[in-house]
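Engineer: Predicted model and sequence below, questions to follow.
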Amino acid sequence: MLPRPQITRTLTALTLALTLAAPVARADYPETVRDHILPGYQRLAEATAALATATEASCATEDLAPAYHAAYDAWMGMQHLRFGPVETDGRALAILYWPDPKGSGARAQMALLTGDPAKLAPEVFAEQSVAARGLPALERLLYPDQALPADPCPLIRATAADLAQTAATVLAEWQGGYADQVITAGEAGNPLFQTRKEARQLMFTQIATALEMLDDQRLGRPLGTPEAPRPERAEARASGRSARNVVLALTALRAMAQSLTPDAPKTDAGFAHALDLLAALQDPVFAGVAEPNARLKVEIIQQAVAHLRELALGELGPELDVGLGFNAADGD
């Protein structure tokens, strides 16, 4: 039998060896699914359901504004995800069809507003153009730029109900099997992902593509050019949400990045810098892009977002051992 001091030393060495051999706990895409994606879609389903319920009591803007903004906030927490159930049947576009440079949504919506009420039945409304549905459609009805030609309440209710149904369907499909397919990437019998790396690449691509969209669309469209600024092109301008949407999108992307890996300090600092700039902006609809000094502040934010994307590509990608892949937002 070994002497007690030697037994103690042996046990200590064994404990140390086991500790060093144990895998270090770290975030990864299963955490992203459990802690970011599923709760986010749950919030979206709840917020849109609350909005639909609110329309049953009143269609007045002052009564619906809180529920409308809550639903929009919830979507901005998830709008960067362009894969899985939200892409089926164009559901993401049915929630937010923007930009709409040709105004097709407004035209289709006016036809619904003044046309056959039968088209507002849920099963029929779900077949209407995605441009005439979702959050921008509600904004046009709640914050019209001119008097509407008919009572908007039936269309408001149909639009809100359709939005709630779409969000509920997306959540149900994630909970009903899609989440498990992502979490078990690389395991035998998984028909969706052959390797774990494929799942990481998909998640990373969502972040990189969403940052590009923020730069090019949510900031780039209202900026236009110095000679031709276009503040009227800002997203959700009528309801005063343009800058708020950028803040919420960055906040959600930061949370997703942190859920994938905590080992990206430069990227996290880039998010913090961009959010600090937005907090100091005090221009909710980017109206100042037409004035040189105020425009410079938005241009600096755009540069910060572009730099943030470079940081993410250079730091998150190697940390996750992935590169950019195809994203639905890329088009054909």
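Structural biologist: Everything's here; your move. Numbering: from 1, shown residues only.

Engineer: any idea of the pLDDT on the residue nearest the centre of the chain?
Structural biologist: Central residue of the chain (Cα atoms, centre = their mean): residue 79, 2.1 Å from the mean position. pLDDT, residue 79: 98.

Engineer: give me every residue that touches it.
Structural biologist: The contact partners of residue 79, by Cβ atoms under 8 Å, 6 or more residues apart in numbering, come to 92, 96, 210, 249, 252. (Each C-beta comes from the backbone N, C-alpha and C, glycine too.)

Engineer: Pull the number of nearby residues for the nearest residue to residue 104 once chain neighbours are set aside.
Structural biologist: Distances taken as Cβ to Cβ, 6 or more residues apart in numbering place residue 131 nearest to residue 104, at 4.7 Å, with adjacent residues excluded. Residue 131: 21 surrounding residues under other Cβ atoms under 10 Å.

Engineer: separation between residue 131 and residue 54?
Structural biologist: Going from residue 131 to residue 54 by Cβ to Cβ, to the nearest Å gives 24 Å.

Engineer: next one: residue 168
Structural biologist: Distance from residue 168 to residue 54, by Cβ to Cβ: 16 Å.

Engineer: same check, this time on residue 279
Structural biologist: Relative to residue 54, residue 279 is positioned 30 Å away (Cβ to Cβ).

Engineer: Kindly report the same for residue 260.
Structural biologist: Look at residue 260 and residue 54: by Cβ to Cβ, they are 35 Å apart.

Engineer: Looking at those two, which one has more neighbours?
Structural biologist: Legend: neighbour count by other Cβ under 10 Å for residue 260 and residue 54, higher for residue 260 (25 against 20).

Engineer: can you pull out the helices in the stretch 151-300 of the chain?
Structural biologist: For the stretch 151-300 of the chain, the helices defined by DSSP state H, counting those that start in this stretch occupy 153-173, 179-183, 196-213, 220-223, 242-260, 265-279, 292-320.

Engineer: secondary structure class for the residue nearest to residue 104?
Structural biologist: With DSSP: H, G, I helix; E, B strand; the rest coil as the basis, residue 131 sits in helix.

Engineer: what sits against it?
Structural biologist: Residue 131 makes contacts with 93, 97, 100, 104-105, 108, 137, as judged by Cβ under 8 Å, 6+ apart.

Engineer: redo that, cut-off 7 Å
Structural biologist: By Cβ atoms under 7 Å, 6 or more residues apart in numbering, the contact set of residue 131 is 97, 100, 104-105, 108.

Engineer: Show me how to select, in PyMOL, the buried members of the residues you listed.
Structural biologist: Buried subset of the contacts of residue 131, written as a PyMOL selection, criterion 16 or more other Cβ atoms under 10 Å:
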select buried, resi 97+105+108
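
Engineer: Share the number of residues neighbouring residue 229, please.
Structural biologist: The burial count for residue 229: 20, using other Cβ under 10 Å.

Engineer: where's it relative to residue 219, distance?
Structural biologist: Counting by Cβ to Cβ, the gap from residue 229 to residue 219 is 12 Å.

Engineer: Equivalent analysis for residue 151, please.
Structural biologist: Counting by Cβ to Cβ, the gap from residue 151 to residue 219 is 37 Å.
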